[in-house]
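# my questions are about this predicted structure, shown below with the sequence.
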Amino acid sequence: MAGDRFERSDRHERSDRHDRHDRHDRTPRLDQPLAPRRSLLPAYDPEAFGRTSENIARFLGTGRFIVWMTVVIVVWVLWNSTAPRHLRFDEYPFIFLTLMLSLQASYAAPLILLAQNRQDDRDRVNLEQDRKQNERSIADTEYLTREIAALRMGLGEVATRDWIRSEFQDMLKELEDRRPDPEQPR
């Protein structure tokens, strides 16, 4: 009996170690990337989608888009007003035209917002880079200012060309004053 209890305890301990080992294998390691999850949603490249939305938003903000949209609406209205009745596909209140314009607007607005958000992100990055560049420029300017001040202080102790010239002129004047005048009798 005592041996039986010992065996059960030993088996129980081994199964606990085994369970802990299995649990440890299932927990993600922090030094390794997670395996990609399966998703029912289609996969897409957010960068490519963002670039496409920017291109669409850029086109929506042009005069070309306004002209084309105006042409399409005028042709639509003229066709559905003047064409024979059996060829008209959207009678007078032009409900289908309204639906199409609403659909276009419902897609255009989020695409424009996405493009604006991407532009804001780029502006934020550019602003941060400009700020860092300005800080470096200020630090460089301060360093150069200190160096120029040190050079000026050092040059204060060095004889300059103008100072030497003035000293030579003073010495020449002094020598001329000492030299006897040849016209004066001795």
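Done, it's in.

# which helix runs longest in the protein?
Criterion DSSP state H: the longest helix present in the chain is helix 95-156.

# for it, packing partners?
Applying 3 or more Cβ pairs under 8 Å, 6 or more residues apart in numbering; DSSP states H and E, we find helix 95-156 packed against helix 46-60, helix 63-82. Just so you know, the C-beta spots here come from the backbone N, C-alpha and C atoms, and that holds for glycine as well.

# do you know which of these lies nearest A150?
helix 46-60 (50.7 Å; Cβ to Cβ).

# report the angle between that closest one and helix 63-82.
If you take axes from the mean of the first three to the mean of the last three Cα atoms, to 10 degrees, helix 46-60 sits at 70 degrees to helix 63-82.

# pull helix 46-60 out as PDB, backbone CA atoms only.
Extracted in PDB, the C-alpha atoms of helix 46-60 (Å, rounded to 0.1, in the frame of the first residue of the first chain):
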ATOM      1  CA  PRO A  46      -1.900  49.000 -46.400                       C
ATOM      2  CA  GLU A  47       0.900  51.000 -48.100                       C
ATOM      3  CA  ALA A  48      -0.400  50.100 -51.600                       C
ATOM      4  CA  PHE A  49      -4.000  50.900 -50.500                       C
ATOM      5  CA  GLY A  50      -2.800  54.200 -49.000                       C
ATOM      6  CA  ARG A  51      -1.000  55.200 -52.200                       C
ATOM      7  CA  THR A  52      -4.000  54.300 -54.300                       C
ATOM      8  CA  SER A  53      -6.300  56.300 -52.100                       C
ATOM      9  CA  GLU A  54      -3.900  59.300 -52.300                       C
ATOM     10  CA  ASN A  55      -3.900  59.000 -56.100                       C
ATOM     11  CA  ILE A  56      -7.700  58.900 -56.100                       C
ATOM     12  CA  ALA A  57      -8.000  61.800 -53.700                       C
ATOM     13  CA  ARG A  58      -5.500  63.800 -55.800                       C
ATOM     14  CA  PHE A  59      -7.600  63.100 -58.900                       C
ATOM     15  CA  LEU A  60     -10.900  64.100 -57.100                       C
END
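
# would you mark the buried spots in that helix?
For helix 46-60, a neighbour-count test (16 or more other Cβ atoms under 10 Å) marks 50, 53-54, 56-57, 60 as buried.

# would you mark the buried spots in stretch 107-114?
111-112, 114.

# need those in CSV with distance to D181, can you?
Listed next are those as CSV, based on distance: Cβ to Cβ, whole Å:
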residue, distance to D181
L111, 100
I112, 97
L114, 97
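
# relative to I148, how far out is E142?
11 Å (Cβ to Cβ, to the nearest Å).
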